[in-house]
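> need a 3D model of the following:
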Amino acid sequence: MIESSMNGASMPQGRVDRLSALIDRFRISACVLGTALPAGEPAHLLLTGDGSLGETEPLALRRLVFRVDGTREACRLQGPVAVAARVDLGGPGSPLATALPEEVCIDLAEAPALAAVAAVLHEEVTSPRCGGKAIVDRLCEIVVIRFLRHAIETGQARDGLIAGLGHPQIMLALVAMHEAPERRWRLEDLASVCGMSRTAFATGFRRIVGQTPGAYLQAWRLCLARQEIERGGVLKSVAGRVGFSSASAFSRAYSRQFGQPPSGHARVGFSSA
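Modelled structure (predicted):
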């Protein structure tokens with residue numbers, strides 16, 4: 001529920017970072033698996049080409065394919081695999097993991113910034129040099145972040161979080177909630193952040209993101225809370241940090257969202273104190 005006023009809500013100034021708050025909370029990690037689809041292992045990110053140019057020349061990259069579940073069945077590969085990688089977008093329940101379409105295929109000729117870093121990753125994988133093992137996974141993480149940027153900027157999702165982050169006004173409310181979940185946001189506060197009327201904001205947010213601002217805010221808070229609880233956080237402290245007025249209200253909302261109380265996700269030694 002969106003509650004009492006947050007004083008001084010206004011439209012953010014300057015360039016807005018749409019991804020950092022998400023990445024800070026739900027760290028992206030990648031493991032490069034090689035230059036072919038590995039037998040029996042999921043591969044979420046694939047760089048493919050148009051065919052071998054011969055043993056003396058590397059495969060020319062043409063496409064990036066990202067598959068959320070990493071299975072082969074949904075894959076629309078067009079050409080041989082140049083790089084395959086396993087990617088974690090922040091663990092189970094990560095908003096990034098649930099925001100993307102089942103499969104995204106990007107023509108790298110239409111995404112030069114993404115193609116540039118993908119080419120560096122491909123070079124490091126196919127022409128290993130000293131220190132290469134220490135950087136290929138990090139390079140792949142950068143490829144994933146640039147892929148997410150591209151997905152947002154080019155409207156790869158029709159609704160949900162990725163679509164919302166791509167909207168020039170709605171994204172301001174999403175970033176505000178991501179960066180300050182503890183604030184008691186009112187609907188009019190978030191509308192003001194976006195420079196929209198209360199009605200236009202509420203209608204537009206629901207149409208683009210697929211749920212009301214209040215429902216999204218509560219889901220975001222509970223997602224953060226689950227992450228903290230799983231790391232050993234104390235219930236009362238976690239509840240306050242994510243914007244709940246009491247531990248009991250937090251426990252009820254948590255149980256409705258996840259089907260079990262916070263203690264069900266806690267480490268050994270959990271305390272509600």
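> in this protein, which helix is the longest?
Using DSSP state H, we find that the single longest helix of the chain is helix 132-153.
> okay, buried residues for that one please.
Residues of helix 132-153 classed as buried: 136, 139-152 (neighbour count, 16 or more other C-beta atoms under 10 Å). Just so you know, the C-beta spots here come from the backbone N, C-alpha and C atoms, and that holds for glycine as well.
> report the central residue of the chain.
Nearest to the geometric centre of the chain sits Leu96, at 2.3 Å (C-alpha atoms, centre = their mean).
> excluding chain neighbours, what is closest to it?
Closest residue to Leu96 apart from its sequence neighbours, by C-beta to C-beta, 6 or more residues apart in numbering: Leu89 at 4.2 Å.
> so Cys130 sits in a helix?
No. Counting by DSSP: H, G, I helix; E, B strand; the rest coil, one finds Cys130 to be coil, located in no helix.
> and it, how many neighbours?
Using other C-beta atoms under 10 Å, Cys130 is surrounded by 6 other residues.
> ditto for Glu188
So Glu188, with other C-beta under 10 Å, has 16 neighbours.
> what helix or strand is it located in?
If you go by DSSP states H and E, Glu188 is part of helix 187-194.
> and that helix, how far out from the chain middle?
23 Å (C-alpha atoms, centre = their mean, to the nearest Å).
> which is the next helix or strand following that helix?
Immediately after helix 187-194, counting by DSSP H and E, sits helix 198-209.
> determine the angle, from 0 to 180 degrees, between that following helix and helix 187-194.
Calculated by axes from the mean of the first three to the mean of the last three C-alpha atoms, to 10 degrees, helix 198-209 forms an angle of 80 degrees with helix 187-194.
> and the average pLDDT for stretch 236-255 is what?
On average, the pLDDT along stretch 236-255 is 90.
> from the opening residue of that stretch to its closing one, how far?
With C-alpha to C-alpha, to the nearest Å as the measure, stretch 236-255 spans 15 Å from end to end.
> CA atoms only: put the longest helix of the chain into PDB for me.
Extracted in PDB, the C-alpha atoms of helix 132-153 (Å, rounded to 0.1, in the frame of the first residue of the first chain):
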ATOM      1  CA  GLY A 132      42.400 -14.200 -19.700                       C
ATOM      2  CA  LYS A 133      40.700 -16.500 -17.300                       C
ATOM      3  CA  ALA A 134      40.400 -13.700 -14.700                       C
ATOM      4  CA  ILE A 135      38.600 -11.400 -17.100                       C
ATOM      5  CA  VAL A 136      36.300 -13.400 -19.400                       C
ATOM      6  CA  ASP A 137      33.500 -13.800 -16.800                       C
ATOM      7  CA  ARG A 138      33.700 -10.100 -15.900                       C
ATOM      8  CA  LEU A 139      33.600  -9.100 -19.500                       C
ATOM      9  CA  CYS A 140      30.500 -11.300 -19.900                       C
ATOM     10  CA  GLU A 141      28.800  -9.500 -17.000                       C
ATOM     11  CA  ILE A 142      29.400  -6.300 -18.900                       C
ATOM     12  CA  VAL A 143      27.900  -7.800 -22.000                       C
ATOM     13  CA  VAL A 144      24.800  -8.700 -19.900                       C
ATOM     14  CA  ILE A 145      24.500  -5.200 -18.500                       C
ATOM     15  CA  ARG A 146      24.800  -3.700 -22.000                       C
ATOM     16  CA  PHE A 147      22.200  -6.200 -23.200                       C
ATOM     17  CA  LEU A 148      19.800  -5.000 -20.500                       C
ATOM     18  CA  ARG A 149      20.400  -1.400 -21.500                       C
ATOM     19  CA  HIS A 150      19.600  -2.300 -25.100                       C
ATOM     20  CA  ALA A 151      16.500  -4.200 -24.100                       C
ATOM     21  CA  ILE A 152      15.200  -1.200 -22.100                       C
ATOM     22  CA  GLU A 153      16.100   1.400 -24.800                       C
END
